[in-house]
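Chemist: Provide a 3D model corresponding to the input given below.
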Amino acid sequence: MSRFSICFLLLFTGTAFAQPPASPTNQPTPPGGTAADRPNIVIVLVDDMGFSDIGCYGGEIDTPNLDQLAAGGLRFTQFCNSGRCCPTRASLMTGLHPHQVGIGHMTAPPGKPLGFEGPYQGYLNDRCATLAQVLGSAGYHTLMTGKWHLGADRKECWPLQRGFDRYFGGLSGAFNYFHPEGDRGLTEGNQPVEPDEDFYATDTLTDYAIRYIDQATAADDEPFFLYLAYNAPHWPLNSKIKEFEKYRGQYRDGWEALMQTRKEKQDKIGLFEQPVEYAPHVGPKWDSLPEKRRDDLDAIMAAYAGCIDSIDQNIGKLTNHLQANGQLDNTLMFFLSDNGACQEGGNFGRGSEAMVRNPPGGTAGVRLGLCWANACNVPFRKYKHFVHEGGMCTPMIAHWPAGIAPERRGSFVRQLAYLPDFMATCIELSGGKYPQDLPDPAGRSLLPLLQGSSEPIHTDPVFWEHEGNAAVRWGKWKLVREYQQPWELYDIQTDRSELNDLAQQHPEKVKQLDHLWRTWATETGVKFPERFNMYEYLNQKAKESQKN
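Modeler: Residues are numbered from 1 along each chain as shown. As a prediction, this is how the structure comes out:
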């Protein structure tokens, strides 16, 4: 009997795979079915990709495999992450809020332990269970390749110690695509390994994922869980030269032209149910920049596009392999990014064609910068770090031929969903056991949305906080603020781009949502109104050490 293979895909690639023939609208077997009835689960996560970068969300980057997944599946238009790399990973992996599992801000840098426990300790704590641990309790093979970023110094926090049977990738938050080394190097299992001569992170992570799948399926008939977490397109933007040259020159018209093109495509494909007023660009006019600056900026954006193109190619490699083995038809795939496009690197980012062709070692190298990041998140405001829509709204594709009705394929899911929902979904589909002595998972199962329900799965308020940036969603209302700034209130139903602040018109609604947020923050261990920032803490600690 064939089994459901559920791939939660969070990435990109480049060779279009053949679409399987339409299959019956089978419903998932309830928990307690045989091993062969239960779905395989694959979560693939991309790093620092903007909302509108891929073709099926309005982008110009060549992503035929992701576009085909969307055409045969569902696109979520209100799926929210946690605004930053490791808080997102913490929430996705545990079904809880990042503060509940020890990563309320960031993971501690290698060799720099913070020296305390609690919501901001900087590594995954023992008061949570991972998806791998829960699915392992249901007999799943648990496999991971890619970026871990949930605690590098404490081996107790590593993938094998937190439920994965097999692991290959980088434990830290960033590493070089060609030559990972030192404390930002590679690990297989619990041992450091050297990259092969032809190593390229996006390609190699996929190859290992396929190898682990083959080994698991050859061992027995138990289903598998794969978490494939690409480091692309996080800085340094180490594009392969062929992909870089493919896009070089395509961005010479600048960010205003790019945003306009993406806006028009989003309107054409009906990405939003109601007309959206697009947030304006926050940087200088493109034509005001000197020619050399514009040329470098074109090269930076071409490197970024090249990294995404490589992801899409590898999505094709993975899906072709699943199809060849008869698994793709019964595979539910989710694709998403850990946060919005990354503004780190200043307004104009960092880099030039010379830097792309001769990348420096380590994590030095090309960075996207604020102006391009703003354009990559069309139509939203803000970017990575923030919990305005541009920072925390991700493209997400669900592809499941055996579980999504043929007449719904290619359509949109417009209900609110967020990272903790993965745990609830996996439990429902697998029959896995969640430990009773841990905090209850914060999410709700996505299964009703996949099966066609138009009812919201979240009727209670949903909350976020990162670096003092905060938000709460309840129905159509979103209360959001930047750190040390006043609350802003938006009717997300009619104002997805958060341009019409209604806080003055509805002070009672602000008061109500503020009270709810404060109650949640207090219960969850969020530090406010003064935030905790690990980098500020480490800098202060270093200054005090120098004085002594």
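
Chemist: now stretch 385-398: average pLDDT?
Modeler: For stretch 385-398, the mean per-residue pLDDT is 97.

Chemist: quick one: distance of that stretch to the chain centre.
Modeler: Distance of stretch 385-398 from its chain centroid, counting by C-alpha atoms, centre = their mean, to the nearest Å, is 8 Å.

Chemist: if I pick the nearest residue to Asp53 once chain neighbours are set aside, what's in contact with it?
Modeler: Once flanking residues are discounted, Asp53 sits nearest to Gly59: 4.5 Å by C-beta to C-beta, 6 or more residues apart in numbering. All C-beta atoms are positioned from the backbone trio N, CA, C, and that covers glycine. For Gly59, the contact set (C-beta atoms under 8 Å, 6 or more residues apart in numbering) comprises 52-53, 262, 265.

Chemist: from these, which land in strands?
Modeler: Using DSSP state E, the subset of the contacts of Gly59 located in strands is empty.

Chemist: tabulate those (a markdown table), appending neighbour count and distance to Ser352.
Modeler: What follows is those, written out as a markdown table (neighbours: other C-beta atoms under 10 Å; distance: C-beta to C-beta, whole Å):
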| residue | neighbour count | distance to Ser352 |
| --- | --- | --- |
| Ser52 | 29 | 25 |
| Asp53 | 28 | 22 |
| Arg262 | 25 | 25 |
| Lys265 | 18 | 29 |
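
Chemist: of these, which pair is most distant in space?
Modeler: Asp53 and Lys265 (11.8 Å; C-beta to C-beta).

Chemist: closest one of the contacts of Gly59 to Arg444?
Modeler: For the contacts of Gly59, the nearest to Arg444 is Ser52 (26.9 Å; C-beta to C-beta).

Chemist: confirm for me that the closest one is in contact with Asn377.
Modeler: Yes - Ser52 lies in contact with Asn377 (C-beta atoms under 8 Å); the separation is 6.7 Å.

Chemist: now the helices for the stretch 351-500 of the chain?
Modeler: 353-357, 370-376, 389-392, 421-430, 447-450 (DSSP state H, counting those that start in this stretch).

Chemist: what's the pLDDT at Asn40?
Modeler: 88.

Chemist: over to Asn330?
Modeler: At Asn330, the predicted lDDT confidence score is 83.

Chemist: pLDDT weak spots in this protein?
Modeler: Along the chain, segments meeting pLDDT under 70 span 1-37.

Chemist: farthest residue from the center of it?
Modeler: The outermost residue of the chain relative to its centre, with distances by C-alpha atoms, centre = their mean, is Asn548 at 42.0 Å.

Chemist: any idea how far Glu536 is from it?
Modeler: Asn548 sits 19 Å away from Glu536, going by C-beta to C-beta, to the nearest Å.

Chemist: for Arg350, same thing?
Modeler: As defined by C-beta to C-beta, Arg350 lies at a distance of 23 Å from Glu536.

Chemist: between those two, point out the one with more neighbours.
Modeler: Higher neighbour count among Arg350 and Glu536: Arg350, with 19 against 12, using other C-beta atoms under 10 Å.

Chemist: wait, doesn't the more buried one sit right on Leu370?
Modeler: No - with contacts counted by C-beta under 8 Å, Arg350 stays clear of Leu370, the gap being 11.6 Å.

Chemist: contacting residues around stretch 522-539?
Modeler: Contacts for stretch 522-539 (C-beta under 8 Å, 6+ apart): 97, 99-100, 104-106, 108-109, 112, 114, 118-120, 122, 463, 465, 467-468, 470, 483-484, 518, 520-521.

Chemist: just the buried residues of these.
Modeler: The neighbour-count test (16 or more other C-beta atoms under 10 Å) applied to those identifies 97, 99-100, 104-106, 108-109, 114, 119-120, 122, 463, 465, 467-468, 470, 483, 520-521 as buried.

Chemist: what about those residues, which are in helices?
Modeler: 520-521 (DSSP state H).

Chemist: Ala545: neighbour count?
Modeler: You called it Ala, but residue 545 is Ser. Residues contacting Ser545 under the criterion other C-beta under 10 Å number 8.

Chemist: how about the longest helix along the chain: buried residues?
Modeler: Secondary structure of the chain per DSSP H: the longest helix is helix 291-324. When neighbours are counted by 16+ other C-beta under 10 Å, the buried residues of helix 291-324 are found to be 294-323.

Chemist: and the next element down the chain from that helix?
Modeler: Where DSSP states H and E defines the elements, the next helix or strand beyond helix 291-324 is strand 331-337.

Chemist: chain center to that next one, what's the gap?
Modeler: 10 Å.

Chemist: stretch 308-319 too?
Modeler: The answer for stretch 308-319 is 16 Å, by C-alpha atoms, centre = their mean.

Chemist: just the CA trace of it, in PDB.
Modeler: Output of stretch 308-319 as PDB, limited to C-alpha atoms (Å, rounded to 0.1, in the frame of the first residue of the first chain):
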ATOM      1  CA  ILE A 308      17.000  31.400  -5.300                       C
ATOM      2  CA  ASP A 309      17.200  29.900  -8.800                       C
ATOM      3  CA  SER A 310      19.500  27.200  -7.400                       C
ATOM      4  CA  ILE A 311      17.000  26.500  -4.700                       C
ATOM      5  CA  ASP A 312      14.300  26.000  -7.300                       C
ATOM      6  CA  GLN A 313      16.500  23.700  -9.200                       C
ATOM      7  CA  ASN A 314      16.900  21.500  -6.100                       C
ATOM      8  CA  ILE A 315      13.200  21.500  -5.500                       C
ATOM      9  CA  GLY A 316      13.000  19.900  -8.900                       C
ATOM     10  CA  LYS A 317      15.700  17.400  -8.000                       C
ATOM     11  CA  LEU A 318      13.900  16.400  -4.900                       C
ATOM     12  CA  THR A 319      10.400  16.200  -6.400                       C
END
